[in-house]
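Peer 1: give me a model of this one.
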Amino acid sequence: MSSPRWWKQTTAYWWRRTDVAIRGFVRSHSDLAMSHVAAYFKSYQRAANDVIALIESSGVEPIIHDDITTHMCSALCSVVSGCIVVLFGMLLTTHRNTTTSSKNAAGNAPLDDLSLLEILLFAYILCYTLLFSALDPLRAAIKAVYVCFAEHPLSLSQAFPLIYQRLSRISDASGSV
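Peer 2: Predicted coordinates for the structure are as follows:
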């Protein structure tokens, strides 16, 4: 007979193993590593491990966790894609309602509701993907600034003093809490 204690120990064991595996995956697949790949010509996995170790040792980790760049880009892409889909939907419904007979001038049947929904869903996904891809260089540049701040804060203070002051203030405030 298995006891509840054995079940708890087994669950805790597998939880720890899963936690270690997930942490290892995140360490070796960090999106912050691209700045080291570009600057030092390292392999991606080695750059990811180096950047994660650098971030943890420099105290920049709270700044990265509080970064809302990805959420802001996602929200912007959602709003713009939604507006485009609404305008496109208005155009399609207006065009659909201009036909008075069962077939339009080209000989095609007018759009039914399901076809209209499929077109608008595809348009939203396409617009969102294209806009998010267009904003990806902005996100990468911001992450490169974080890695630069972690690696060489004094060079960042000379090149961009305002950014350095703000990141230092955020880092100090996060460290004291």
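Peer 1: helix/strand/coil for residue 67?
Peer 2: coil (DSSP: H, G, I helix; E, B strand; the rest coil).
Peer 1: now the longest helix along the chain, how far from the centre of its chain.
Peer 2: For the chain, the helix with the greatest residue count under DSSP state H is helix 113-151. Its chain's average C-alpha position is 8 Å from that of helix 113-151, according to CA atoms, centre = their mean, to the nearest Å.
Peer 1: got the buried residues for it?
Peer 2: 120, 123-124, 127-128, 131-132, 135, 139-140, 143-151 (16 or more other CB atoms under 10 Å). Any C-beta I mention is one placed from the backbone N, CA and C, and that applies to glycine too.
Peer 1: low-confidence stretches in this protein?
Peer 2: 1-3, 97-110, 174-177 (pLDDT under 70).
Peer 1: swap in 50 and give it another go.
Peer 2: Along the chain, the parts satisfying pLDDT under 50 run over 1, 177.
Peer 1: residue boundaries of the helices in it?
Peer 2: Under DSSP H, the chain gives helices at 4-28, 34-40, 44-58, 61-65, 69-97, 113-151, 153-159, 161-176.
Peer 1: by contact count, what packs against the longest helix of the chain?
Peer 2: Secondary-structure packing of helix 113-151 (3 or more CB pairs under 8 Å, 6 or more residues apart in numbering; DSSP states H and E): helix 34-40, helix 44-58, helix 61-65, helix 69-97, helix 153-159, helix 161-176.
Peer 1: report the distance from the fourth one to the chain centre.
Peer 2: Here the centre of helix 69-97 is set off from its chain's centre by 20 Å, with CA atoms, centre = their mean.
Peer 1: buried ones in it?
Peer 2: 73, 77, 81, 84, 85, 89, 92.
Peer 1: please apply the same query to the third one.
Peer 2: By neighbour count, with 16+ other CB under 10 Å as the criterion, the buried positions of helix 61-65 are 61, 63, 64.
Peer 1: and the gap between residue 86 and residue 8?
Peer 2: 53 Å (CB to CB, to the nearest Å).
Peer 1: and the residue nearest the centre of this structure?
Peer 2: Centroid check for the chain by CA atoms, centre = their mean gives residue 70 as the closest residue, at 4.5 Å.
Peer 1: surely it meets residue 139?
Peer 2: Yes - at 6.2 Å, residue 70 and residue 139 qualify as touching, with contact defined as CB atoms under 8 Å.
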